[in-house]
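Q: Need a 3D model of the sequence below.
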Amino acid sequence: MSQIEKSLVVFKPDAVSRGVVGEILSRFEKRGLKIIGMKMLKPDREFFYQHYETIGKMISRRGEESFNDNLHYMQLSPVIALVVEGIDVVKIIRQMVWPTMPQDALSGTIRGDYAQTTREYSNPLHRPLFNLVHASGNAEEAEQEIAHWFQPEELFDYERADQAFIY
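A: Predicted structure coming up:
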């Protein structure tokens with residue numbers, strides 16, 4: 001059953017450094033999704049460990065070397081975290097950014113339009129997989145990630161001007 005839910009999106013260092021955050025953010029807004037929280041920050045290794053391993057189980061999925069390369073990448077510059085709200089928003093955002101591997105992303109998706117690297121190229125060089133954004137994988141993960149990145153008072157309830165036409 002469709003429902004209004006929340007998801008975390010993090011603009012990674014490559015999106016921030018390349019100056020494409022505004023273009024990508026506008027895609028979410030044009031889709032009718034509501035930004036209810038946003039901030040720029042430079043988290044430390046422990047913060048990212050909590051995000052990628054405690055919540056995301058990255059070491060067990062991809063291995064410690066890949067995990068460490070990713071943590072290094074995420075600390076190259078500030079990141080921008082946002083909470084997005086909408087009908088089936090986790091699924092919608094995953095479709096907009098999907099898939100994780102830029103070489104598999106179709107034109108029209110965020111990674112298909114803005115990213116161009118492969119794990120096969122990056123891993124031997126111990127380079128990160130530059131793929132622009134993190135998006136929650138499911139509703140349970142979104143809930144945990146949002147609680148990790150945002151305090152309740154940092155999230156806002158308001159009505160978009162076009163909300164009657166979306167909801």
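
Q: Can you classify residue 134 as helix, strand or coil?
A: strand (DSSP: H, G, I helix; E, B strand; the rest coil).

Q: Once you drop chain neighbours, what's closest to residue 97?
A: Leaving aside its chain neighbours, residue 97 sits nearest to residue 110 (4.5 Å; criterion: Cβ to Cβ, 6 or more residues apart in numbering). From N, CA and C alone the C-beta is placed, and that goes for glycine too.

Q: what residues are up against the one you found?
A: 24, 27, 96, 97, 132, 133 (Cβ atoms under 8 Å, 6 or more residues apart in numbering).

Q: Can you tell me the element the second one falls in?
A: Pointing back at residue 27 there. Secondary structure from DSSP states H and E places residue 27 in helix 21-30.

Q: Show me what the following helix or strand past that helix packs onto, helices and strands only.
A: Sequence order places strand 34-41 as the next helix or strand after helix 21-30, per DSSP H and E. Contacts defined by 3 or more Cβ pairs under 8 Å, 6 or more residues apart in numbering; DSSP states H and E place strand 34-41 against helix 21-30, strand 79-87.

Q: ok, 6 Å please
A: strand 79-87 (3 or more Cβ pairs under 6 Å, 6 or more residues apart in numbering; DSSP states H and E).

Q: Please compute how far the strand it packs on lies from its chain's middle.
A: 8 Å (Cα atoms, centre = their mean, to the nearest Å).

Q: that older thread, how about TSV for the contacts of residue 110, with neighbour count, pLDDT and distance to residue 62 added?
A: Below are the contacts of residue 110 laid out as TSV (neighbours: other Cβ atoms under 10 Å; pLDDT from 0 to 100; distance: Cβ to Cβ, whole Å):
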residue	neighbour count	pLDDT	distance to residue 62
24	19	98	24
27	15	98	27
96	19	97	23
97	24	95	18
132	23	95	18
133	24	97	18
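
Q: Of those, just say which sits nearest to residue 53.
A: Closest approach between the contacts of residue 110 and residue 53, by Cβ to Cβ: residue 133, at 19.2 Å.

Q: Can you tell me, leaving aside adjacent residues, what's nearest to the most centrally placed residue in the chain?
A: Closest residue to the average C-alpha location of the chain: residue 134 at 2.3 Å, with Cα atoms, centre = their mean. Excluding the flanking residues, the one nearest residue 134 by Cβ to Cβ, 6+ apart is residue 10, at 4.1 Å.

Q: packing partners for the helix or strand containing that neighbour?
A: Using DSSP H and E, residue 10 sits within strand 4-11. Packing partners of strand 4-11 (3+ Cβ pairs under 6 Å, 6+ apart): strand 79-87, helix 89-97, strand 133-135, helix 139-149.
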